[in-house]
Each structure stands twice: as C-alpha cells, then as structure tokens.
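>>> Starting from these lines, generate the structure:
(one chain, ligands or ions: 1)
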Amino acid sequence: MPRRKKSEPGVCPQCGTKVGDPDRTWTLVSPIPDKKGRITVTVMGSFTCPNCGYKWRAVLSKIKTGGDEGAGPEEEPEPREGEVIEIDLDEIYKEVGGGGPS
Ligand SMILES: [Zn+2]
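Alright, predicted model coming up:
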C-alpha cells in the first residue's frame, strides 16, 4: 500500500478549517463482492466549509459486510452461465396477394 498522508475528512482542503459534521451523508454499496464474498459499503459525506465556502466530498468510512472476518469457509459465488437467447427471425412480412379491382 502506498503511504498516504492521513487527512481528516472534515477538514477543508482549501483553507484547512475544521468542519464538524458533514452536510449530508450517504452510502455507496459496491455491487461486486470481494474475494471473501463481502460487500464494501462506503460512507460518503459532503462538506461545506463555513470559512471559504468550498464544497467537497470525502469518504467517511468503509464498512465490509456480508461475510465473516477471519474464520469461515470461503464461499465462491457460482459462476453464472450465459444464457443464449435465440430470436426467431422467420416471421417476415408477407405481401398480401390480394386481388385488386380490375
Ligand atoms: Zn475552507
């Protein structure tokens, strides 16, 4: 893992003002589970700096759920077989051979 400078999510990246609580929080759920079948839920927050008005979003926390940490058998998800859908194209418009008025 690359060494990253630990920055607090509630600190304005523009001026460094410490903003307490985020204006809004929401969660992002990863649609793909990891190797151990766990789903990563990322908690995001949007902040507005009261000092300079800068708005930004930051990851508040990441939660892994859906699997047992450590012990437990590794369950591999069953590979889904691709379904082949065949469309019948035999049905074509037939010209109606109606006898017109002569
Ligand atoms: Zn600021």
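>>> Next to the ion, which bits of the protein? Give me the list.
For the chain, the contact set with the ion under Cβ under 5 Å from the ion comprises 12, 14-15, 17, 49, 51-52, 54. For every residue, glycine as well, the C-beta is placed using N, CA and C.
>>> Now do the helix or strand of the chain with the lowest mean pLDDT: everything it contacts.
Sorting the helices and strands of the chain by mean pLDDT, DSSP states H and E puts strand 55-65 at the bottom, at a mean of 92. Contact with strand 55-65 is made by 9-10, 12-13, 22, 25, 34, 38-49, as judged by Cβ atoms under 8 Å, 6 or more residues apart in numbering.
>>> And for residue 9, nearest residue in space, chain neighbours not counted?
Among residues not flanking residue 9 along the chain, residue 58 sits closest, at 3.6 Å (Cβ to Cβ, 6 or more residues apart in numbering).
>>> returning to what we had before: what strands line up against the least confident helix or strand of the chain, and which way round?
Partners of strand 55-65 in the sheet, by DSSP bridges, are strand 39-48 (antiparallel).
>>> Pull out the buried positions in the partner strand.
Buried positions in strand 39-48, judged by neighbour count with 16 or more other Cβ atoms under 10 Å: 43-45, 47.
>>> what helix or strand does residue 36 sit in?
Using DSSP states H and E, residue 36 sits within no helix or strand.
>>> Reformat the buried residues of strand 39-48 as CSV; add pLDDT and distance to residue 65.
As requested, the buried residues of strand 39-48 are exported to CSV (pLDDT from 0 to 100; distance: Cβ to Cβ, whole Å):
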residue, pLDDT, distance to residue 65
43, 93, 12
44, 95, 16
45, 96, 19
47, 96, 25
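>>> Going by distance to the ion, which of the residues you listed wins?
Top of the list for closeness to the ion, among the buried residues of strand 39-48 and by Cβ to the ion, is residue 47 at 9.2 Å.
>>> residues in contact with the closest one?
9-10, 12, 19, 22-23, 55-58.
>>> Weed out the non-buried ones from those.
Counted by 16+ other Cβ under 10 Å, these give 9-10, 12, 19, 22, 56, 58 as buried.
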